[in-house]
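**Student:** I'll drop the sequence and a predicted model, then ask my questions.
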Number of protein chains: 2
Amino acid sequence: MVTYDLNLGWIADEEAGESMAKAFDNLVYERQKGVAGYFDLPKSSKAIVAEVKEYAASNEAVRDCDSVVVIGIGGSSLGAKAVDTMLRHKYPDAKSLLFLENPDPVDLQTKLSLIDKRKSIFLVISKSGTTVETMSIFKALIAYLGIDLEGEDKERIVAITDEGSALYRFADHHGMKTYTIAHNVGGRFSVLSSVGIVPLTIAGYDTGSLLCGAAGMVDRFFDAKEDHLLLKAAFIAANWHRYRMNVLFAYGAFLEDFTKWYVQLWGESLGKIDRCGNRVGPTPLGHIGSVDQHSFLQLVVQGPRDKSVTFVKVEDFENSLKIPDIRLEYIQKCDYVNGHTFNELINAECDATKESLRNEGVPVDSVILDRIDESNIGELILYYELLTSLVGSMLHINTYDQPGVEKGKRILVEKFKKSR
Amino acid sequence: MVTYDLNLGWIADEEAGESMAKAFDNLVYERQKGVAGYFDLPKSSKAIVAEVKEYAASNEAVRDCDSVVVIGIGGSSLGAKAVDTMLRHKYPDAKSLLFLENPDPVDLQTKLSLIDKRKSIFLVISKSGTTVETMSIFKALIAYLGIDLEGEDKERIVAITDEGSALYRFADHHGMKTYTIAHNVGGRFSVLSSVGIVPLTIAGYDTGSLLCGAAGMVDRFFDAKEDHLLLKAAFIAANWHRYRMNVLFAYGAFLEDFTKWYVQLWGESLGKIDRCGNRVGPTPLGHIGSVDQHSFLQLVVQGPRDKSVTFVKVEDFENSLKIPDIRLEYIQKCDYVNGHTFNELINAECDATKESLRNEGVPVDSVILDRIDESNIGELILYYELLTSLVGSMLHINTYDQPGVEKGKRILVEKFKKSR
């Protein structure tokens, strides 16, 4: 179960009410017309789960592998990585997932040295099929591990890409296993498509429940409007000039990659030029509690009132580790938590920080998971995707493109062409 | 060697010139009067390096340990962790450093299970000596590993804390090894004090060179003013209302913990109420290239003009891993980087992104390390500490306190006392 608690100190006026109604209608339209395809993934991807399970059972290389190597960057890795990081501690026997993302030679070489080809399968993920980092890393992998694309090694390679893309044609040419991504599902909205479902299912996670939790959120939103979601979107959209940043303050180390997924989803979707030519968009920040209370909190409390804070809290870590009832001479001041669990301590820190920020007048809200499981994570993913679409609609932008990154890509190509 | 390149699109006016002169004088004053103690650490900590080496050589538990376990949070862990992450790949034989920071039971239990008491030493670090997370984790460690504070186990425990603190008295009571932190060195400015120097020296890093690089920066600043540093500080201070965020875009996975150190240093120092009662302070963000080009860049390019971007680039990764000259059918579009090193690719991405942002009118600057080594890292640390002090001085705030986090701490104590 996921619950949502708003303390924004803000009441929607008539204009905001209209904006909410329009944004809801716009999402209904986007879903009906297929402007964005992610709404229906929770149902349509069930077939992928079934197919991957069958494939994994029948293919020896997949069945017997220990490690699933994902070659992908941005939307092609962040979603599966976030889910893997959240669930890993509950599934110690899941196949390991290794993400080759950054074209950083030190990082890449370290990771390559960990791979045993005979115990791995390789998922090459690129929506466009021509992501230069991904393809360069794929080539390095081929050379480093001595992969023979003409021989039986190709049983270990799976391509995940848009139908008809360069990578699709490459894989087709070699007779490799391929999963496609619908054209109307953008990278940052693709975690519940084959992009996330294939690696997570092969690893051994219960992706059926992940989709089920997500489907519940979609249904409730389109059936019953989930008022809290509309209200939060309206607050963000109406106040982004004032509260320029939203801090996702997530209490639990296993939530760090989720904050990175959120930063991409929000940043790349909402940082845009609107239909009137204005630059718009709130900035997403990820922080981890309680460590970042000792880092970032001072700025939120006493610095400019330009941030809203969303707390993510897990009620039950399903771990009973306690602060033992040990009395250390001279340090008795810290004994007030003795005998309590660390679960209680970290959540009390979350509550205390939230209360102190609310007292200061900082707009805060909470997303509270009763525990970490696939169903809750699925709901959380859809919650953030729907929120992003709603804010995008209210800001009058195209939530689903990313034209701003193209110029840098062109400059990169020119730099290499000049150097020839 | 570290070089600095400013493309801020900003010229300091007379007012900014005066502000720079005053801030410089103020830092001279702070140094002379001991308002902040970090200026002199590069020289004074040399004695700690020598002492730790002698201690490590003569103490069997330290000499023979494989693992240095740091129990600390915030300023007590971020600095050493940042340096360790940057240097680790160059010192595969260094003793491992394990940081127990977050009171997250899942994370903590995983880490506790990795520790072999007989092969570890334990550094308990808390400036105040009563940090509740640190002391609670220390107690859990005692219980989990069966540490006997009265027996020979205490040879494995080192306390690093302010002289006279509760932790100091505890360690003194048990006859444990203790290093102190000067009262005028705040946690976030303490990496070159015993807080960072003890763990890094025991691990086996060349902390002498780290201090040497830092000392060079202090000397050059106080002797020759390092104009680029004053100018950058003036730009940040004069424009923080407009450019509310500074993004540290660091190209290299091993720089991620450095960005976290920067976020604490900047956020906790500069997010303050100024002497006129105004809430001030730019917000620090850390991002990693090239991965976050696929995540955060769109927002910087097309979103609001409310960010400045500082690139951190390492010219020579000292790694020759190449993109092999492999031609993949249908994916020839990516062949333009074939035969180049990943070192060239990641740095060309950094340059291309910088150029595209500069073309868009985003204020950018670069900090360029010719390579990762202790001396360059020492300089980088001092560069950021001096920059922070300068901006703090220009904003008319107390750079060295953090009063904003106290209220949350009081609420936490009340929560537990009520629950009794």
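**Tutor:** Right, received. Where do you want to start?

**Student:** which strand or helix spans the most centrally placed residue in chain A?
**Tutor:** Centroid-nearest residue in chain A, with CA atoms, centre = their mean: A:W261, separated by 3.0 Å. Per DSSP states H and E: A:W261 is located in helix A:256-270.

**Student:** rewinding a little: can you pull the contacts of the residue nearest to the centre of chain A?
**Tutor:** Residues in contact with A:W261 (CB atoms under 8 Å, 6 or more residues apart in numbering or on different chains) are A:L78, A:G79, A:K81, A:A82, A:V191. Placement of C-beta: from N, CA and C, glycine included.

**Student:** quick check: the closest residue to the third one other than its chain neighbours vs chain B, distance?
**Tutor:** Think A:K81. Residue nearest to A:K81 in three dimensions, not counting chain neighbours: A:D257, with 5.0 Å by CB to CB, 6 or more residues apart in numbering or on different chains. According to CB to the nearest CB, to the nearest Å, A:D257 stands 12 Å off from chain B.

**Student:** show me what contacts A:D257?
**Tutor:** The neighbourhood of A:D257, defined by CB under 8 Å, 6+ apart, consists of A:L78, A:K81, A:A82, A:D84, A:T85, A:M86.

**Student:** looking at those residues, which is nearest chain B?
**Tutor:** Taking CB to the nearest CB as the measure, chain B lies nearest A:L78 of the contacts of A:D257, at 7.1 Å.

**Student:** for the closest one, the count of nearby residues, please.
**Tutor:** 30 (other CB atoms under 10 Å in any protein chain shown).

**Student:** distance-wise, check it relative to B:K33.
**Tutor:** Applying CB to CB, to the nearest Å, the value for A:L78 to B:K33 is 48 Å.

**Student:** am I right that A:F235 falls within a helix?
**Tutor:** Yes - under DSSP: H, G, I helix; E, B strand; the rest coil, A:F235 sits within a helix.

**Student:** I'd say it and A:P363 touch.
**Tutor:** Yes - counting by CB atoms under 8 Å, A:F235 does reach A:P363; the two are 7.0 Å apart.

**Student:** between these two, what contacts are shared?
**Tutor:** Contact criterion CB under 8 Å, 6+ apart; residues shared by A:F235 and A:P363: A:L8, A:W10, A:S308.

**Student:** check the contacts of A:W261 and tell me the two furthest apart.
**Tutor:** Farthest pair in the contacts of A:W261 (CB to CB) is A:K81 and A:V191. Separation: 9.5 Å.

**Student:** of these two, who's got more company?
**Tutor:** Between A:K81 and A:V191, A:V191 has the larger neighbour count (other CB under 10 Å), namely 31 against 21.

**Student:** backbone dihedrals for the more buried one, please?
**Tutor:** When read as degrees, to the nearest 10, the backbone of A:V191 gives phi -60, psi -30.

**Student:** what does A:V367 give?
**Tutor:** According to degrees, to the nearest 10, A:V367 has phi -120, psi 120.

**Student:** and the nearest residue to A:D93 once chain neighbours are set aside, what is it in contact with?
**Tutor:** Sequence neighbours aside, A:G204 is the residue nearest to A:D93 in space, at 7.1 Å (criterion: CB to CB, 6+ apart). Counting by CB under 8 Å, 6+ apart, A:G204 touches A:Y91, A:D93, A:A94, A:K95.

**Student:** and the residue of the stretch 1-150 of chain A found nearest chain B, what pLDDT?
**Tutor:** Scanning the stretch 1-150 of chain A for the residue nearest chain B gives A:G74, at 2.7 Å (criterion: CB to the nearest CB). Note on A:G74: pLDDT of 97.

**Student:** pull the number of nearby residues for it.
**Tutor:** 28.

**Student:** pretty sure it sits against A:G187.
**Tutor:** Yes - the criterion here is CB under 8 Å, and A:G74 meets it with A:G187 at 5.9 Å.

**Student:** mind listing the shared neighbours of these two?
**Tutor:** Taking CB under 8 Å, 6+ apart as the contact rule, A:G74 and A:G187 both touch B:H294.

**Student:** ok, A:A80 - contacts?
**Tutor:** Counting by CB under 8 Å, 6+ apart, A:A80 makes contact with A:V70, A:L97, A:F99, A:V191, A:V195, A:G196, A:P199, A:L200.

**Student:** which of those fall within strands?
**Tutor:** Cross-referencing the contacts of A:A80 against strands under DSSP state E gives A:V70, A:L97, A:F99.

**Student:** is the first one in contact with A:L98, as I believe?
**Tutor:** Spelled out, it's A:V70. Yes - using CB under 8 Å, A:V70 makes contact with A:L98 at a distance of 7.0 Å.

**Student:** which of the ones in strands among the contacts of A:A80 ranks first by neighbour count?
**Tutor:** Most surrounded of the ones in strands among the contacts of A:A80: other CB under 10 Å gives A:V70, at 28 neighbours.

**Student:** so what's that one up against?
**Tutor:** Neighbour list for A:V70: A:S76, A:S77, A:A80, A:K81, A:L97, A:L98, A:F99, A:L100, A:L123, A:I125, A:P199 [criterion: CB under 8 Å, 6+ apart].

**Student:** if we go to 10 Å?
**Tutor:** Contacts here follow CB atoms under 10 Å, 6 or more residues apart in numbering or on different chains; on that basis A:V70 touches A:76-77, A:80-81, A:84, A:97-101, A:121-125, A:134, A:158, A:160, A:195-196, A:198-199, A:203.

**Student:** and the residues you listed, which of them are in helices?
**Tutor:** Among the contacts of A:V70, the members falling in helices (DSSP state H) are A:A80, A:K81, A:D84, A:T134, A:V195, A:G196, A:V198, A:P199, A:A203.

**Student:** separation between the fifth one and chain B?
**Tutor:** Spatial separation of A:V195 from chain B under the definition CB to the nearest CB is 13 Å.

**Student:** give me the pLDDT for that residue.
**Tutor:** A:V195 is assigned a predicted lDDT (pLDDT) of 98.

**Student:** figure out how far stretch A:35-51 is from the centre of its chain.
**Tutor:** 17 Å (CA atoms, centre = their mean, to the nearest Å).

**Student:** make a markdown table from the contacts of A:A80 and add distance to B:V301 to it.
**Tutor:** Shown next, in a markdown table, are the contacts of A:A80 (distance: CB to CB, whole Å):
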| residue | distance to B:V301 |
| --- | --- |
| A:V70 | 27 |
| A:L97 | 31 |
| A:F99 | 25 |
| A:V191 | 24 |
| A:V195 | 24 |
| A:G196 | 26 |
| A:P199 | 30 |
| A:L200 | 31 |
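
**Student:** between these, which is nearest A:D153?
**Tutor:** Of all the contacts of A:A80, A:V70 has the smallest distance to A:D153: 17.2 Å, by CB to CB.

**Student:** tell me what angle the lengthiest strand in chain A forms with helix A:256-270.
**Tutor:** Criterion DSSP E: the longest strand present in chain A is strand A:307-316. Strand A:307-316 and helix A:256-270 meet at an angle of 140 degrees, taking axes from the mean of the first three to the mean of the last three CA atoms, to 10 degrees as the criterion.
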